[in-house]
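**Q** sequence first, then the predicted structure:
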Amino acid sequence: MPPPEAKIALSLRDKKLLATWVNQGAKFGGHWAFETPNQSQLPTLSPSNRKWARNEIDHFIAKRLEREGLKPSPAASKETLIRRAALDLTGLPPSLKDVDTFLADKSPEAYERILDRLLASEH
């Protein structure tokens, strides 16, 4: 609300709108930005979706897909991943050297490494 020194009054329409909102069960609390966030419990997934989920966010996505009767899409190929990442982060397709380096890297951190490399690019 504006501070009192602003001398701005609510119109009768606005007052009625606020009264209706309160009568319908509006909840008043502190501003969301100043509330302490609560840790959410990970949803329980079907066995196939448990295998698919790689991180906490994937659990929530998989649960929603289950509710909607959908299945997750298969993982993209490494060629597709590097192309998407390069275009998203630099606006340019990946260099052949970057593609070859990424495809040759068999470690679990390969994707993170290429992301770091693209983020460090001056492009």
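**A** Received, thanks.
**Q** just the pLDDT for the residue nearest to the spatial centre of the chain.
**A** In the chain, the residue lying closest to the centroid (CA atoms, centre = their mean) is I57, at 7.9 Å. The model reports I57 with a pLDDT of 94.
**Q** that one: which element?
**A** Per DSSP states H and E, I57 falls inside helix 56-67.
**Q** ok now that helix, how far from the chain's centre?
**A** Its chain's average C-alpha position is 12 Å from that of helix 56-67, according to CA atoms, centre = their mean, to the nearest Å.
**Q** hey, C-alpha coordinates of that helix in PDB?
**A** Presented in PDB, the C-alpha positions along helix 56-67 are these (Å, rounded to 0.1, in the frame of the first residue of the first chain):
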ATOM      1  CA  GLU A  56      15.800 -33.700  -7.600                       C
ATOM      2  CA  ILE A  57      14.100 -31.600 -10.300                       C
ATOM      3  CA  ASP A  58      13.700 -34.700 -12.400                       C
ATOM      4  CA  HIS A  59      11.700 -36.400  -9.600                       C
ATOM      5  CA  PHE A  60       9.100 -33.600  -9.700                       C
ATOM      6  CA  ILE A  61       8.900 -33.700 -13.500                       C
ATOM      7  CA  ALA A  62       8.600 -37.400 -13.600                       C
ATOM      8  CA  LYS A  63       5.800 -37.300 -10.900                       C
ATOM      9  CA  ARG A  64       3.800 -34.800 -13.000                       C
ATOM     10  CA  LEU A  65       4.300 -36.900 -16.100                       C
ATOM     11  CA  GLU A  66       3.000 -40.000 -14.200                       C
ATOM     12  CA  ARG A  67      -0.100 -38.000 -13.200                       C
END
